[in-house]
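Participant: For reference, the sequence and a predicted model appear below.
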Amino acid sequence: MRARSNYLPLWFKAALTAAFLLAPPAILAADAAPDPNEACLMCHGDADAKNAAGNSIAVDAKAFAASVHGQMSFKCSDCHTDTSADKLPHEPKLKPADCSSCHDAAVKDYQATAHAKARAGGNMVAATCSDCHGKHDIARSSDPASRTHATHVEATCATCHGNEAMIQKAKIPGGNVASQFHDSIHGKMLNGGGDAAARAPNCVSCHGAHKIVSSADPASRVSRENVALMCGSCHQQVYSRFSQSKHGGLGQGGNSAAPTCVDCHSAHRVQDHTATAFQSSVINECGNCHADFIKTYRDTYHGQVTQLGYTRIATCASCHGAHEVLPASDPRSMISPENIVTTCRNCHPGANANFAKFRPHGNAHDRVGDPILYYARIFMQALLAGVFGFFGLHTLLWLLRSLKEVRANRKGRH
């Protein structure tokens with residue numbers, strides 16, 4: 001028996017075909033398979049949905065649709081693998097979403113991080129994937145709305161590292177580093193907008209995204225062994241000078257106590273090197289290693305003036321350089337015999353070879369090494385003591401005489 005459709009007129013068949021081909025997508029979608037996530041959203045689409053513990057289990061359908069997973073037509077069961085639309089209702093407690101099914105490399109990197117190790121040690125408030133990327137509203141890092149976009153990374157990290165209660169609860173080392181970074185020159189650039197913000201480093205620039213490990217780990221990008229190279233990824237010229245300096249050479253030779261970027265500039269409080277406050281305070285950083293030199297420097301006119309907060313006077317960097325510090329025996333050094341006069345002329349245009357013989361670190365307490373200055377100090381101290389002692393005695397005797405005369409005058413009047 002022939003199918004009934006074969007008896008339809010040709011013109012009617014043509015009309016049906018045209019109607020199907022020209023039909024709007026919405027009409028065709030009505031006949032398409034239903035959205036597999038609709039079954040889940042029947043419960044989780046309610047904004048007031050909560051579990052037995054009173055925690056929200058609501059999912060914003062629009063936010064998920066706009067997320068990177070929603071745009072890729074992910075099903076709920078792609079992440080929540082222990083349930084599906086045909087296994088409803090599901091168990092009250094499901095397994096956490098397993099990101100490694102798609103992001104195996106990133107999850108592998110995460111397992112070696114300080115966050116993962118903290119969770120393995122029982123600190124269950126340490127950050128996981130969802131703490132940084134979100135849950136159902138995950139966006140690509142290139143998306144300006146993403147939590148991991150360069151302009152939002154600081155705020156994302158600050159949810160833990162800028163939260164005093166969380167810092168205390170999780171015993172996060174370093175204190176409120178988010179606040180320190182926000183007030184630094186890097187933070188001001190990042191939050192200032194414009195081209196500067198696009199060039200400014202954020203937390204990820206230094207610590208990495210998924211390979212965040214403790215600074216005590218030699219493999220860390222911010223360990224003492226690697227931090228100079230990491231800073232040099234932005235400050236190439238400075239790193240080139242530093243790597244050829246005495247300090248840089250000591251570090252490259254394996255001396256972990258050698259000063260590096262964070263010793264002078266700090267890790268998160270990095271300030272503008274042209275700021276008066278930084279220039280006057282960084283001298284103290286030099287004194288952390290060179291205690292004898294900072295003490296003798298403070299005894300000089302240069303040191304006394306800088307201690308008052310003025311920077312239009314010679315500091316350590318004025319004579320030794322900032323990043324290219326070299327010993328006087330090195331011909332490239334600013335204080336070598338070949339360059340010392342030129343260095344002095346930066347502040348004293350009329351300086352000559354005789355002027356450059358001034359000893360900026362003369363030790364007035366070293367009788368053997370600097371006998372002239374030592375005995376000059378003794379003489380000046382004795383002179384001052386003698387002058388003040390003589391005039392003090394003179395004043396005392398004059399007072400006693402004055403009192404005696406006052407008493408005599410009183411008796412005479414009576």
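Facilitator: On my side now, so go ahead.
Participant: domain ranges for this structure?
Facilitator: Residue ranges for each domain of the chain read 31-92+99-113, 150-208, as given by automatic domain parsing.
Participant: Could you identify which of the ones you listed is most buried?
Facilitator: Each of the domains of the chain was given a mean neighbour count from mean count of other Cβ atoms under 10 Å, and the largest, a mean of 16, is that of domain 150-208. Bear in mind the C-beta positions are built from the backbone N, C-alpha and C, glycine included.
Participant: chain center to that domain: distance?
Facilitator: In terms of Cα atoms, centre = their mean, to the nearest Å, the gap separating the centre of domain 150-208 from the centre of its chain is 6 Å.
Participant: same deal with stretch 366-382?
Facilitator: Between the mean C-alpha point of stretch 366-382 and the mean C-alpha point of its chain there is a distance of 47 Å (Cα atoms, centre = their mean).
Participant: what residues does it touch?
Facilitator: Outside of stretch 366-382, the residues within contact range by Cβ atoms under 8 Å, 6 or more residues apart in numbering are Arg359, Gly362, Asn363, Ala364, His365.
Participant: Chain neighbours aside, what residue packs nearest to Asn339?
Facilitator: The shortest distance from Asn339 to any residue other than its chain neighbours is 6.6 Å, reached at Ser333 (Cβ to Cβ, 6 or more residues apart in numbering).
Participant: Now do the contacts for that neighbour.
Facilitator: Applying Cβ under 8 Å, 6+ apart, one finds that Ser333 lies in contact with His320, Gly321, Leu326, Pro327, Asn339.
Participant: on that earlier part again, how about CSV for the domains of the chain, with distance to Ala277 added?
Facilitator: Formatted as CSV, the domains of the chain follow (distance: least, Cβ to Cβ, whole Å):
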stretch, distance to Ala277
domain 31-92+99-113, 35
domain 150-208, 12
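Participant: so which of those domains gets nearest Phe293?
Facilitator: Comparison of the domains of the chain against Phe293 by Cβ to Cβ identifies domain 150-208 as nearest, at 27.8 Å.
Participant: What is the end-to-end distance of the closest one?
Facilitator: For domain 150-208, the first and last residues are 12 Å from each other (Cα to Cα, to the nearest Å).
Participant: For Phe293, give me its contacts.
Facilitator: When the contact criterion is Cβ under 8 Å, 6+ apart, the partners of Phe293 are Cys286, Gly287, His361.
Participant: which residues touch the residue nearest the centre of the chain?
Facilitator: The C-alpha lying nearest the average C-alpha coordinate of the chain belongs to His268 (Cα atoms, centre = their mean; 3.5 Å). Contact analysis of His268 by Cβ under 8 Å, 6+ apart lists Gly174, Val177, Gln180, Phe181, Ser184.
Participant: Among the contacts of Phe293, which ones are in helices?
Facilitator: Per DSSP state H, helices hold the following members of the contacts of Phe293: Cys286, Gly287.
Participant: Just put the contacts of Phe293 in a markdown table and tack on pLDDT, neighbour count and distance to Lys295.
Facilitator: Converted to a markdown table, the contacts of Phe293 look like this (pLDDT from 0 to 100; neighbours: other Cβ atoms under 10 Å; distance: Cβ to Cβ, whole Å):
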| residue | pLDDT | neighbour count | distance to Lys295 |
| --- | --- | --- | --- |
| Cys286 | 93 | 20 | 11 |
| Gly287 | 92 | 16 | 8 |
| His361 | 89 | 16 | 9 |
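Participant: Isn't Ile185 up against Asp272?
Facilitator: Yes - in this structure Ile185 lies within contact range of Asp272 using Cβ atoms under 8 Å: 4.9 Å.
Participant: joint contacts of the two?
Facilitator: In terms of Cβ under 8 Å, 6+ apart, Ile185 and Asp272 are not both contacted by any residue.
Participant: can you give me the helices in the stretch 201-350 of the chain?
Facilitator: With DSSP state H, counting those that start in this stretch as the definition, the stretch 201-350 of the chain shows helices at residue ranges 203-207, 227-232, 236-243, 246-252, 261-265, 276-289, 291-298, 301-307, 316-320, 340-345.
Participant: Could you dump those helices into TSV and include distance to Cys40?
Facilitator: TSV is the format used below for these (distance: least, Cβ to Cβ, whole Å):
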stretch	distance to Cys40
helix 203-207	33
helix 227-232	44
helix 236-243	51
helix 246-252	55
helix 261-265	48
helix 276-289	55
helix 291-298	67
helix 301-307	67
helix 316-320	63
helix 340-345	73
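Participant: out of these, which comes closest to Ala39?
Facilitator: helix 203-207 (37.8 Å).
Participant: And the average pLDDT for that closest one is what?
Facilitator: When the per-residue pLDDT values of helix 203-207 are averaged, the result is 95.
Participant: quick one on the thing from earlier: closest one of the contacts of His268 to Asn55?
Facilitator: Sorting the contacts of His268 by how near they are to Asn55, with Cβ to Cβ, puts Val177 at the top with 29.5 Å.
Participant: Please verify my assumption that Ile313 contacts Val305.
Facilitator: Yes - when contacts are counted by Cβ under 8 Å, Ile313 is listed as touching Val305 (4.5 Å).
Participant: For Pro218, which of the helices of the stretch 201-350 of the chain is the nearest?
Facilitator: Of all the helices of the stretch 201-350 of the chain, it is helix 227-232 that lies closest to Pro218, at 11.4 Å by Cβ to Cβ.
Participant: Off-centre distance for the closest one?
Facilitator: 13 Å.
Participant: what's the answer for stretch 44-53, then?
Facilitator: Averaging C-alpha positions (Cα atoms, centre = their mean) puts stretch 44-53 39 Å from its chain's average.
Participant: same check, this time on stretch 148-168
Facilitator: A distance of 12 Å separates the centroid of the chain from that of stretch 148-168, by Cα atoms, centre = their mean.
Participant: my read: His115 touches Val125, true?
Facilitator: No - in this structure His115 lies outside contact range of Val125 using Cβ under 8 Å: 10.1 Å.
Participant: Neighbour count for those two, which is higher?
Facilitator: With neighbours defined as other Cβ atoms under 10 Å, His115 and Val125 compare such that His115 has more, 20 against 14.
Participant: Thanks a lot, see you next time.
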